[in-house]
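[1] Structure, please.
(2 chains)
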2 protein chains.
Amino acid sequence: MDTEGVWERIKELKPVVDEEIKKVIPKNHDIDHLYEEVHYHLGTGGKRWRPGLCIMTCEALGGSKKEALPFAAAIEIIHNFSLIHDDIQDRDEYRRDHPTVWKRIGIARAINVGDGMFAKAFVSAARGEEVGLTDKTNFKLMKLLSHVVTELTEGQAMDINSREKTEITEEEYMQMISKKTGALISGSVYGGALIAGAPEKVRQEVKKYGENIGYAFQIADDLLDFQEGKGRGGQVGNDIREGKRSLMAIHYIHNSDNPEKFIEILEKPREKTTNQDVETAIKLLEQEGSLEYASQKVDQLIEQGIKHLKPLPETKNKEYLIGMAEFISERDF
Amino acid sequence: MDTEGVWERIKELKPVVDEEIKKVIPKNHDIDHLYEEVHYHLGTGGKRWRPGLCIMTCEALGGSKKEALPFAAAIEIIHNFSLIHDDIQDRDEYRRDHPTVWKRIGIARAINVGDGMFAKAFVSAARGEEVGLTDKTNFKLMKLLSHVVTELTEGQAMDINSREKTEITEEEYMQMISKKTGALISGSVYGGALIAGAPEKVRQEVKKYGENIGYAFQIADDLLDFQEGKGRGGQVGNDIREGKRSLMAIHYIHNSDNPEKFIEILEKPREKTTNQDVETAIKLLEQEGSLEYASQKVDQLIEQGIKHLKPLPETKNKEYLIGMAEFISERDF
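    Below is the predicted model:
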């Protein structure tokens, strides 16, 4: 199986997706500090793998890239709107080594840039009309998009709320990441299947693939924080410093007989957390098997996810979707 | 003609619109600091006249209230999302004598409350399906909504940009208010006509009614700033203190031989503008006929707007739509 070929395919699709985005968000525009900021932000990076998933799923089920592109672009625009608002909410000053949009143009305008993208995502989805999709499909896609963004904002609310809670259950954590991270991924593949005209039963299976890899993606992302040079902010244990309730942290707190010391480190203000604290916390997580627990969970989720691809015919695109799931478990991109 | 009856009708519709909003935004929800904040905000006031316009237009053209409600509610939700983000952008601490949402729960959560409403507006519009509208109409309504919000964010960008410009033309001002204020009003009546199944020619006429009263509404709102006890912040000349480029200010700057003194007052920092300055500015505007100019413009726009209602059959609802236009010119609500 050519599961490794998926990154070549994603790389190939990136400029195509970017062209599609430009159809609804022009690079040059007579209103300042709006659309050119979108392109500044998009220019800082991103692999466009979410729209890639949408297009590959659509093709795997007999649809075309052309038909999938307006909705695929909508998914990518929504993802980036959420990053721009996230950066304001977290007061993050850098993203991918570039100043964040709010840092460049201020909070007031950055909020509005995000809002503009939100609107344009729906404008992009509506372009399904121009590539020959029926009113029924177009309406379903717009409705799907509205539910995906609803989940995203609910997940964001849960995430902000969780920062003030000492106790959070694994169930609450899984619900939060399902909404904040998973909805956009499962929406992207479900949308692809819908565009291809796949029956609802198949769409539901594909959606479960998306849900599973969505969970896996987030947990793998949290695990990355413990790998040299891979974590957020380029520092090992950044999430420990920020007191983040990751799956590993939740596992430790619920399973250790003596979680006080770990909790104390998590709850220290960021600037007071020493490198020694981080090392201690990681050692504790290792001793309790919390890192191993999360890592196994990722593998299970990926395996589960791939199983749901069963109804798909054996094509190159199916191999890519399997490859994507495998890459996500390594989260090495 | 019973044009005065319109307020009774709007009052009657308000609880109906609020019930419709609750269908997509529940008052009680297990995620904190999200939907209950929407209801806190809605509870601070508002007459729901935009959804009222949508419903009355739909009925005037043979459609029903039931069919119009999901889209009418969507319009109201969008309007209120924009108020919540506006308050953050302007750092306004009070709205209708109540603390603004960001003042209550912080900027991060308030941005997300606005985003959640944005998403729910589309969820509400999609409920057209449940009141028997066709896929074609539902898709058109969702597309219309996405274009309306796009204009709104473009208008907001222009508004923020205008605060840094000393020179702004009447044309730029009219374009800005057409996007920021007018699009939602014309979208609301155009949507009502669409739901009623009116032909495109009639929809276009109705839209022009909306555009004209949209302009008139904003200019009348700016004029209110010079009436005792009616202006923003409960103070006469608040816009002068804030240096706002209203139509009157633009008229003065472009027509006076000696606009320097007026510009100087506008450009003084808010806290340095004295009551004497405000009085001087108002006197200058009166001498140059700038208030009169704006006031006549409102009357012309209202007259124009009402003319575009010609294709509507003579019904009670048409009288209400005329009444609404007349009330807007007085802007006494």
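[2] how far away is A:Ile105 from B:Glu154?
    Distance, A:Ile105 to B:Glu154, by Cβ to Cβ, to the nearest Å: 15 Å. Placement of C-beta: from N, CA and C, glycine included.
[3] quick one: which of those two has more around it?
    In terms of neighbours (other Cβ atoms under 10 Å in any protein chain shown), B:Glu154 is the more surrounded of A:Ile105 and B:Glu154; the figures are 24 against 19.
[4] For the more buried one, give its distance to chain A.
    Per Cβ to the nearest Cβ, to the nearest Å, B:Glu154 is found 6 Å from chain A.
[5] Surely that residue is in contact with A:Leu34?
    Yes. Counting by Cβ atoms under 8 Å, A:Leu34 is a contact partner of B:Glu154 at 6.7 Å.
[6] what is in contact with the two at once?
    A:Gly116 (Cβ atoms under 8 Å, 6 or more residues apart in numbering or on different chains).
[7] what element comes up after the lengthiest helix in chain A heading to the C-terminus?
    As assigned by DSSP state H, the longest helix anywhere in chain A is helix A:135-162. As assigned by DSSP states H and E, the chain's next helix or strand after helix A:135-162 is helix A:170-177.
[8] got the residue ranges for the strands in chain A?
    A:94-95, A:98-99 (DSSP state E).
[9] what's the least confident stretch among these?
    The stretch with the lowest mean pLDDT among the strands of chain A is strand A:94-95, at a mean of 93.
[10] and stretch A:25-41, C-alpha only, in CSV?
    Below are the C-alpha coordinates for stretch A:25-41, written out as CSV (Å, rounded to 0.1, in the frame of the first residue of the first chain):
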residue,chain,number,x,y,z
ILE,A,25,-10.9,36.3,-0.4
PRO,A,26,-9.0,38.5,-2.9
LYS,A,27,-5.4,39.3,-2.1
ASN,A,28,-5.8,42.9,-3.1
HIS,A,29,-8.8,44.8,-2.0
ASP,A,30,-9.8,48.4,-1.6
ILE,A,31,-10.7,47.9,2.1
ASP,A,32,-7.5,48.0,4.2
HIS,A,33,-6.6,45.7,7.1
LEU,A,34,-9.0,43.0,6.2
TYR,A,35,-8.4,40.5,3.4
GLU,A,36,-4.7,41.1,3.0
GLU,A,37,-4.3,40.2,6.7
VAL,A,38,-6.0,36.8,5.9
HIS,A,39,-3.3,36.2,3.3
TYR,A,40,-0.5,37.3,5.6
HIS,A,41,-1.8,34.8,8.1
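[11] residues touching the residue in the stretch 201-333 of chain A positioned nearest to chain B, list them.
    Relative to chain B, the nearest point of the stretch 201-333 of chain A is A:Glu242 (14.4 Å; Cβ to the nearest Cβ). By Cβ under 8 Å, 6+ apart, A:Glu242 lies in contact with A:Arg270.
[12] so how far is B:Lys140 from it?
    From A:Glu242 to B:Lys140 the distance is 46 Å (Cβ to Cβ).
[13] Report the residue spans of the stretch 101-250 of chain A with pLDDT below the cut-off.
    A:229-234 (pLDDT under 70).
[14] how about 80 then?
    A:166, A:228-235 (pLDDT under 80).
[15] What residues does it have near chain B?
    A:107-109, A:111-112, A:114-116, A:118-120, A:122-123, A:125-126, A:129, A:134-136, A:138-139, A:142-143, A:145-147, A:149-150, A:152-154, A:156-158, A:160-161 (Cβ under 8 Å from any Cβ of the partner chain).
[16] Can you tell me the centre-most residue of chain A?
    By Cα atoms, centre = their mean, the mean C-alpha position of chain A lies nearest to A:Thr181, the distance being 4.5 Å.
[17] Show the contacting residues for that one.
    A:155, A:214-215, A:217-218.
[18] what helices or strands is the longest helix of chain A leaning on?
    In terms of contacts (3 or more Cβ pairs under 8 Å, 6 or more residues apart in numbering or on different chains; DSSP states H and E), helix A:135-162 is packed against helix A:65-90, helix A:107-126, helix A:170-177, helix A:183-195, helix B:107-126, helix B:135-162.
[19] Only the buried residues of that helix, if you could.
    Burial within helix A:135-162, assessed by neighbour count using 16 or more other Cβ atoms under 10 Å in any protein chain shown, is assigned to A:135, A:137-146, A:148-161.
[20] Now do the contacts for A:Val123.
    A:Val123 makes contact with A:24, B:143, B:146-147, B:150 under the criterion Cβ under 8 Å, 6+ apart.
[21] got CSV for the residues you listed, with distance to B:Arg96 too?
    Listed next are the contacts of A:Val123 as CSV, based on distance: Cβ to Cβ, whole Å:
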residue, distance to B:Arg96
A:Val24, 36
B:Lys143, 33
B:Ser146, 29
B:His147, 29
B:Thr150, 27
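[22] Taking the residues you listed together, which two end up most distant?
    A:Val24 and B:Lys143 (12.1 Å; Cβ to Cβ).
[23] Now stretch A:314-324 - C-alpha only, CSV.
    The C-alpha trace of stretch A:314-324 is given here as CSV (Å, rounded to 0.1, in the frame of the first residue of the first chain):
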residue,chain,number,x,y,z
GLU,A,314,-9.9,-0.1,-2.8
THR,A,315,-8.4,3.0,-4.5
LYS,A,316,-5.3,5.1,-4.3
ASN,A,317,-7.3,7.7,-2.4
LYS,A,318,-8.3,5.1,0.3
GLU,A,319,-4.7,4.3,0.7
TYR,A,320,-4.0,8.0,1.2
LEU,A,321,-6.7,8.2,3.9
ILE,A,322,-5.1,5.3,5.7
GLY,A,323,-1.8,7.0,5.3
MET,A,324,-3.1,10.2,6.8
